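Asks: sequence? don't have it. structure:
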């Protein structure tokens with residue numbers, strides 16, 4: 001039980017005003033960019049598992065796996081190719097060309113295959129002279145041609161990185177690709193990846209559909225924690241049309257425990273982060289499949305209100321994260337960073353509730369309601385490096 005040293009990060013007041021303003025601005029932004037981002041994107045990205053070791057066979061088999069596992073029906077629709085898909089040099093007309101060895105059929109044919117499955121294809125480029133691998137050209141100075149090429153190929157998502165630039169600020173370089181993508185008339189989700197260096201949450205809503213708030217994630221517990229913390233502080237800037245992005249999921253890459261990966265997935269869902277799977281979906285373990293297919297957790301991420309949850313309380317490695325949902329509900333995570341199990345208490349005033357209010361409480365990982373209505377506070381024992389995730393629904397009297 002937490003009784004002293006309580007540090008509360010006020011939530012109730014910010015929900016009513018700041019989030020409402022972000023939500024209103026985001027709706028206009030979503031219209032501008034073809035309504036492709038009314039909810040956080042869900043899908044898969046090649047980098048975390050494969051890095052540059054990719055080819056069209058992997059991409060096709062990944063699309064097939066999203067269908068055969070039922071993940072596509074849960075909302076995982078993007079199949080995103082990261083770096084290393086193109087030849088080192090452009091063709092004689094200055095166009096990007098798919099690597100003849102690894103993508104011999106070309107990107108257009110691959111997009112047609114992915115689309116035939118009812119899915120969408122994503123691709124990668126860079127707002128610099130080369131991509132981060134330095135194995136293919138970037139799009140700096142070629143924005144019009146590359147945007148037209150992506151649209152002609154049938155690309156649905158562009159991840160746009162920030163390596164080997166001309167030294168100018170991302171705020172100047174990223175809008176150029178936005179403008180050219182819009183001119184094509186094709187709805188393309190535009191993902192800004194400048195690693196949070198110039199605080200893109202403060203300007204990204206005018207430019208793209210998501211923006212990285214963090215350096216690249218890696219498959220360690222410390223990295224997952226760091227990316228969650230960095231992303232949480234920008235919550236007020238996200239909403240329908242534009243989302244904070246703490247980087248792709250590491251669930252299933254086998255360097256963390258089951259509880260750590262459940263916590264990872266829970267936090268990303270609460271923060272309305274893009275849910276882009278980063279493991280090999282062709283060979284997922286039953287544990288990984290169960291985590292990534294939790295429909296109740298996914299529903300929090302895809303909630304139509306579109307307000308990002310955040311950390312609202314912390315004390316000595318014990319935390320409460322929370323955020324508002326549609327239908328006057330609240331999502332709450334009790335999160336234990338400690339090395340031993342501990343009790344964590346959420347007080348109603350920390351999450352914008354009146355202490356006298358009664359709520360129905362549902363555990364999203366156990367898929368059942370608590371027997372008795374809650375009032376005033378909830379205390380629960382949480383395992384080490386674990387999270388419990390709940391939805392609070394006000395009881396109308």
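Replies: Received it, and whenever you're ready, just let me know what you need. Just so we're clear, the structure is a prediction, and the values are computed from it rather than from any experiment. Numbers count the residues shown, from 1 in each chain.

Asks: What does the pLDDT read for residue 375?
Replies: On pLDDT, residue 375 comes in at 89.

Asks: which residue sits closest to it, ignoring its sequence neighbours?
Replies: Among residues not flanking residue 375 along the chain, residue 358 sits closest, at 5.0 Å (Cβ to Cβ, 6 or more residues apart in numbering). Just so you know, the C-beta spots here come from the backbone N, C-alpha and C atoms, and that holds for glycine as well.

Asks: pretty sure that neighbour is touching residue 373, no?
Replies: Yes: look at residue 358 against residue 373 with Cβ atoms under 8 Å: they come within range, at 4.5 Å.

Asks: Touching both of the two, which residues are there?
Replies: Taking Cβ atoms under 8 Å, 6 or more residues apart in numbering as the criterion, residue 358 and residue 373 both touch residue 395.

Asks: between those two, which one's more packed in?
Replies: A count of neighbours by other Cβ atoms under 10 Å puts residue 358 above the other of residue 358 and residue 373, at 18 against 13.

Asks: Stretch 281-292 - what's its average pLDDT?
Replies: Average pLDDT, stretch 281-292: 98.

Asks: what's the span of it from first residue to last?
Replies: End-to-end distance for stretch 281-292, by Cα to Cα, to the nearest Å: 10 Å.

Asks: got the buried residues for it?
Replies: Residues of stretch 281-292 classed as buried by neighbour count (16 or more other Cβ atoms under 10 Å): 281, 284, 288, 291, 292.

Asks: TSV for those, including distance to residue 101?
Replies: As requested, those are arranged in TSV below (distance: Cβ to Cβ, whole Å):
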residue	distance to residue 101
281	24
284	28
288	30
291	35
292	31
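
Asks: Let's have those in a markdown table, adding distance to residue 307 and secondary structure.
Replies: Output for the buried residues of stretch 281-292, formatted as a markdown table (distance: Cβ to Cβ, whole Å; DSSP: H, G, I helix; E, B strand; the rest coil):
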| residue | distance to residue 307 | secondary structure |
| --- | --- | --- |
| 281 | 29 | helix |
| 284 | 30 | coil |
| 288 | 28 | helix |
| 291 | 24 | helix |
| 292 | 23 | helix |
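
Asks: of all those, which two lie farthest apart?
Replies: Maximum pairwise distance among those (Cβ to Cβ): 12.6 Å, between 281 and 291.

Asks: hang on, residue 298 packs against residue 75?
Replies: Yes: between residue 298 and residue 75 there is a contact under Cβ under 8 Å: 6.2 Å.

Asks: which residues are common contacts for those two?
Replies: Taking Cβ under 8 Å, 6+ apart as the contact rule, residue 298 and residue 75 both touch 42, 275.

Asks: Contacts only, for residue 159.
Replies: 45, 80, 82, 122, 123, 124, 125, 191, 193.

Asks: residue contacts, the third one?
Replies: Going by Cβ under 8 Å, 6+ apart, residue 82 touches 45, 46, 47, 50, 51, 54, 124, 159.

Asks: How many residues are close by the first one?
Replies: Put plainly, it is residue 45. Neighbour count of residue 45, defined by other Cβ under 10 Å: 25.

Asks: That one: what's it in contact with?
Replies: Counting by Cβ under 8 Å, 6+ apart, residue 45 makes contact with 78, 80, 82, 122, 159, 248, 276, 277, 278.

Asks: Could you measure from it over to residue 279?
Replies: Distance, residue 45 to residue 279, by Cβ to Cβ, to the nearest Å: 10 Å.

Asks: out of the contacts of residue 82, which is most surrounded?
Replies: residue 46 (27 neighbours).

Asks: Pretty sure that one sits against residue 54.
Replies: Yes: with contacts counted by Cβ under 8 Å, residue 46 reaches residue 54, the gap being 5.0 Å.

Asks: Now the common contact residues for those two.
Replies: Common neighbours of residue 46 and residue 54 (criterion: Cβ under 8 Å, 6+ apart): 81, 82.

Asks: what's the neighbour count on the residue lying closest to residue 146 once chain neighbours are set aside?
Replies: With Cβ to Cβ, 6+ apart as the criterion, residue 146 has its nearest non-adjacent residue at 4.4 Å, and that residue is residue 139. Per other Cβ under 10 Å, the neighbour tally for residue 139 reads 26.

Asks: do the one 10 residues further on as well
Replies: Residues within reach of residue 149, counting by other Cβ under 10 Å, total 21.

Asks: Also residue 371?
Replies: Residue 371: 6 surrounding residues under other Cβ under 10 Å.

Asks: do residue 126 as well
Replies: Close neighbours of residue 126, defined as other Cβ under 10 Å, add up to 26.

Asks: mind listing what the closest residue to it other than its chain neighbours touches?
Replies: Closest residue to residue 126 apart from its sequence neighbours, by Cβ to Cβ, 6+ apart: residue 138 at 3.7 Å. Each residue near residue 138 by Cβ under 8 Å, 6+ apart is listed here: 125, 126, 127, 128, 129, 130, 131, 161, 163, 164.

Asks: let's see 6 Å
Replies: Residues near residue 138 by Cβ atoms under 6 Å, 6 or more residues apart in numbering: 126, 128, 129, 130, 131.

Asks: Ramachandran coordinates for the third one?
Replies: Same thing as residue 129. phi -80, psi -30 (degrees, to the nearest 10).

Asks: distance of it from residue 81?
Replies: Going from residue 129 to residue 81 by Cβ to Cβ gives 20 Å.

Asks: if we can go back for a sec, now, which of the contacts of residue 45 sits nearest residue 315?
Replies: Closest to residue 315, out of all of the contacts of residue 45 and judged by Cβ to Cβ, is residue 248, at 30.1 Å.
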